[in-house]
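Novice: pasting a predicted model and its sequence here:
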Amino acid sequence: MTARVADHTPWCGRDHRCGLGEHRSPEIVIDLPGHARAVLVRVRTAAGREHAEVRVRVALAPGEPAARRQLAELLADLRHTVTRAAVTARPRPRKATR
């Protein structure tokens, strides 16, 4: 099933990335060769809900204690980032008018 061009969002890839009613942007890549890579894709589902899909790959230290510290710090940073993004997306309460 092929989507009509008029159905595409302004930011979607308009190619094989779109399918089953879902629209996907081209990948935005942050690459630190040998160290880390992050890929972000904006997605609009068939239901109309928009999401950011993020994949992260980080090189871990060879020693187990250091690798575990890295993972703990990565998870803490991701939790902070996801929480901040979720709070930003929440509508703010309106001020009462007098």
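Specialist: Alright, I've got the coordinates. All values reported here derive from a predicted model rather than from experimental measurement.

Novice: and the strands in the chain?
Specialist: With DSSP state E as the criterion, the chain has strands at 23-24, 28-32, 36-44, 50-58.

Novice: and the first one, how far out from the chain's middle?
Specialist: It refers to strand 23-24. Centre-to-centre, strand 23-24 and its host chain are 12 Å apart (CA atoms, centre = their mean, to the nearest Å).

Novice: what pairs with that strand, and is each one parallel or antiparallel?
Specialist: The strands beside strand 23-24 in its sheet (DSSP bridges) come out as strand 36-44 (antiparallel).

Novice: how far does stretch 70-77 sit from its chain's centre?
Specialist: Stretch 70-77 sits 17 Å away from the centroid of its parent chain (CA atoms, centre = their mean).

Novice: ditto for stretch 55-69
Specialist: Centre-to-centre, stretch 55-69 and its host chain are 21 Å apart (CA atoms, centre = their mean).

Novice: pull up the distance across that stretch, start to finish.
Specialist: Terminal residues of stretch 55-69 are spaced 20 Å apart (CA to CA, to the nearest Å).

Novice: for it, what does the pLDDT average out to?
Specialist: Mean pLDDT, stretch 55-69: 97.

Novice: below-threshold pLDDT in this structure: ranges please.
Specialist: 1-6, 17, 90-94, 96-98 (pLDDT under 70).

Novice: which residue ranges make up each domain of it?
Specialist: Domains of the chain are assigned by automatic domain parsing as 1-59, 60-91.

Novice: highest mean neighbour count out of the ones you listed?
Specialist: Highest mean neighbour count of the domains of the chain: domain 1-59, a mean of 12 (counted as mean count of other CB atoms under 10 Å). The C-beta positions use only the backbone N, C-alpha and C, and glycine is treated the same way.

Novice: Val58 contacts Ala36, doesn't it?
Specialist: Yes. Between Val58 and Ala36 there is a contact at 4.6 Å, judged by CB atoms under 8 Å.

Novice: now the strands of the chain in TSV, with distance to Cys12?
Specialist: Shown next, in TSV, are the strands of the chain (distance: least, CB to CB, whole Å):
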stretch	distance to Cys12
strand 23-24	4
strand 28-32	13
strand 36-44	7
strand 50-58	11
